[in-house]
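J.: what follows is a predicted structure for the sequence shown.
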Amino acid sequence: MINLSFHEMNFSFDNRDSTEFPIYIVHMESGMVNSEISGSRSLVYDKIPYKDSIYFYGTTTDTMKFSITITPLERYWTEQLKFDLFKWLGGRTPKAFRTCDFLGKMCYCICTNAFVLTTNSTKEGHQGYIDLEFEATTPYWLTEPEISTFDLSTITSPTTIILQNKSNVMNPKYNDYIFEPEMWIDLKDNNTGISITNISDGGRTFSFTGLSELEQLYINNDKKQIISSTNNFRLSKFNKNWFRLTYGENQLLVSGKCMLQFKCQFPVYI
């Protein structure tokens, strides 16, 4: 568990800022700041009898875990403040966590610990702090979601578009810096197919043929999901090359009149 003592005193969770309550993050006395970059890694292996070496399969990465310490901006804990904080932080589903120390980065997490309030009592009220522990759904931070839309509804020949892959986290499936985005395809005119050739990925082609006119598709390439506006299964119309981006700039050659939209939320360490 990393204790994050951010330079900035405020943070947001579930799209609400800590200044609303108001509370702030307590800075560490030393002035030094710990920054969680990633979850810890460990080897996956079998031990071989009578040998010191191991049979190595790969690695596994734990989710990020971190803690912060908060205290009221107006010095005293009230029953209403404690009630409001528990409503805000005590949910059972992951919510977006952001801090001004890491602009452009976020994670989805839950507050995992019991709320233990450490206080001393004065004539004016109770002063003190709460240590909060969080666990993220990922072993790394994420960029803010980026939506890229391309209107290719009037093209008459293959057309090149550009997409960036900003991830610096190695994809465990490919052992490379590959990112698989969500995407939406709206076929236009009398078009019944689409192909996207990633020139930057050795000419790898993602394609559908034999679709319906004006059909709309949602594809989650990471989860291997296809949803069609026709409610028909479309795997048989697909060439099985799920769409992916290599690290950096990707030149994509698109054939077939359509509207294309990509949602990218890149995993990043720093």
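T.: Nice, thanks for sending it over.
J.: pretty sure Lys82 contacts Val116?
T.: No - the pair Lys82 / Val116 is not scored as a contact, 11.7 Å apart, by CB atoms under 8 Å. Yep, even glycine has a C-beta here, placed from its N, CA and C like the rest.
J.: report how many residues lie close to Thr71.
T.: As a burial measure, Thr71 scores 19 neighbours (other CB atoms under 10 Å).
J.: the helices in the protein, which residues?
T.: Secondary structure of the chain (DSSP state H): helices at 79-89.
J.: quick one, phi/psi of Ile178?
T.: The phi and psi torsions at Ile178 (degrees, to the nearest 10) take the values phi -100, psi 140.
J.: OK, contacts around it?
T.: Listed by CB atoms under 8 Å, 6 or more residues apart in numbering, the contact partners of Ile178 are Asn165, Asn171, Arg244, Leu245, Thr246, Tyr247.
J.: helix or strand with the lowest mean pLDDT in the chain?
T.: Within the chain, no helix or strand scores below strand 2-3, which has a mean of 44 by mean pLDDT, DSSP states H and E.
J.: thinking again about what came up before, who has more neighbours, Lys82 and Val116?
T.: Lys82 (15 against 9).
J.: so what's Ser207 bridging to?
T.: Beta-bridge partners for Ser207, by DSSP bridges, are Ser195.
J.: just Leu187 next, same as before
T.: Cys258.
J.: what sits against the closest residue to Lys82 other than its chain neighbours?
T.: Excluding the flanking residues, the one nearest Lys82 by CB to CB, 6 or more residues apart in numbering is Leu117, at 7.1 Å. Going by CB under 8 Å, 6+ apart, Leu117 touches Trp77, Lys82, His126, Gly128, Tyr129, Ile130.
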